[in-house]
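# Sequence plus predicted model, see below.
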Amino acid sequence: MTAPFGGLALAPELEHFTVDTAAGPLTAFRVLPAGPRRGVALLVPGFTGSKEDFRLLLPLIAAHGWEAVSYSQRGQADSAAPVGIENYRLEDFAADAITVARFVGDGGPVHLVGHSLGGLVARAALLHSISQAQSLALFTDLTMLCSGPGGRAGVHAANAALVAEQGTLAVWALDHPEGSPLTADDVFVRDRLIASSVDNILGGARILDSTPDTTDAVRASTVPTLVAHGDADDAWPIPSQRLMAEQLGAQYRVIPQAGHLPNLDNPGFTAAMLDDFWASTS
């Protein structure tokens, strides 16, 4: 067990633990179902995120009978943070996802969910696991949550330059002038950025800028896929997400009353949506 990070109120059923990876120990949450376990789900957070982004969603997923796990990626919050941007390539994040999936799956397949940048990590992990020609598939399916087919050149260039010059809090400060009132969530996000690695943010921005579209490879894998986003997602263009779903032959769902973080904005709908999808692939 590890101590929780930050001052957020957390559900008591959230178990805190760590997974040893090539980067060092990554912190994680787990919620076990009260009854028989239907399977294991692994949720990968996005750019400047952490496992806490799923704190409301995990207990609701577990209530449907799934063991639900999220983790903070290397350089996020209280996870290990190797020094140097060269340690924050897409393949590094994907290797971590595979390590965590093997640990929590304990030899069995895992339902994989990636949010935003975590979606690019998840699809890279899926493709790498297939290339290893394992006798047993590591991932049952893939959910792309508020994510896209590849990088979007230049979108994060200005923010990356600001972080490189002024540190992790520079972008957050743009929307939170000194002296402005802060909610508990604001304080947590601020503290998470302070704790997170500059190299993580710069590496993540590079991935979001330059990752090639791997839609054809994901479709060729024949792994069942779900593409879902909030009805007011303002981070990834909704038309590109809808087109990606069509090109993948994926299930496509729009989450009502939600923006780029449906896991926080509408966790009940999101949990039921994931339950429906996993039931169809298990």
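Perfect, I can see it now. Please read these numbers as outputs of a predicted model, since none were measured by experiment. Numbers count the residues shown, from 1 in each chain.

# Could I have the CA atoms of stretch 271-282 written out in CSV?
Extracted in CSV, the C-alpha atoms of stretch 271-282 (Å, rounded to 0.1, in the frame of the first residue of the first chain):
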residue,chain,number,x,y,z
ALA,A,271,-18.9,3.4,-16.5
ALA,A,272,-22.1,2.0,-18.0
MET,A,273,-20.8,2.5,-21.5
LEU,A,274,-17.6,0.7,-20.7
ASP,A,275,-19.5,-2.1,-19.1
ASP,A,276,-21.7,-2.5,-22.2
PHE,A,277,-18.6,-2.6,-24.5
TRP,A,278,-16.6,-5.1,-22.3
ALA,A,279,-19.6,-7.4,-22.0
SER,A,280,-19.8,-7.5,-25.8
THR,A,281,-16.1,-8.5,-26.1
SER,A,282,-15.6,-10.9,-23.2
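
# if I pick the residue lying closest to residue 119 once chain neighbours are set aside, what's in contact with it?
In space, and not counting its chain neighbours, residue 119 is closest to residue 147: 2.5 Å by C-beta to C-beta, 6 or more residues apart in numbering. The way it works is simple: take the backbone N, C-alpha and C, and place the C-beta from them, glycine included. When contacts are counted by C-beta atoms under 8 Å, 6 or more residues apart in numbering, residue 147 touches 46, 114, 115, 116, 117, 118, 119, 120, 236, 241.

# and the last one, how far is that from residue 278?
When C-beta to C-beta, to the nearest Å is applied, the distance between residue 241 and residue 278 equals 20 Å.

# so what's residue 191 up against?
Taking C-beta under 8 Å, 6+ apart as the test, what residue 191 contacts is 6, 7.

# After the helix or strand hosting it, which helix or strand is next? Please name it.
Residue 191 is part of helix 184-195 when elements are defined by DSSP states H and E. Under the assignment DSSP H and E, the closest C-terminal helix or strand after helix 184-195 is helix 198-210.

# in terms of contact, does residue 160 touch residue 201 like I think?
Yes: checked against C-beta atoms under 8 Å, the pair residue 160 and residue 201 is within contact range at 7.2 Å.

# Show me which of these two is the more surrounded one.
Neighbours per residue, other C-beta atoms under 10 Å: of residue 160 and residue 201, the larger number sits with residue 201, 26 against 20.

# what sits against the residue lying closest to that one once chain neighbours are set aside?
Leaving aside its sequence neighbours, residue 201 sits nearest to residue 163 (C-beta to C-beta, 6+ apart; 5.2 Å). By C-beta under 8 Å, 6+ apart, the residues touching residue 163 are 170, 171, 198, 201, 202, 205.

# mind checking how far residue 272 is from residue 184?
With C-beta to C-beta as the criterion, residue 272 and residue 184 are 26 Å apart.

# of these two, who's got more company?
residue 272 (15 against 11).

# where along this structure do the helices fall?
Here the chain has its helices, by DSSP state H, at 57-63, 90-105, 117-131, 157-166, 170-175, 184-195, 198-210, 215-221, 238-248, 262-265, 267-281.
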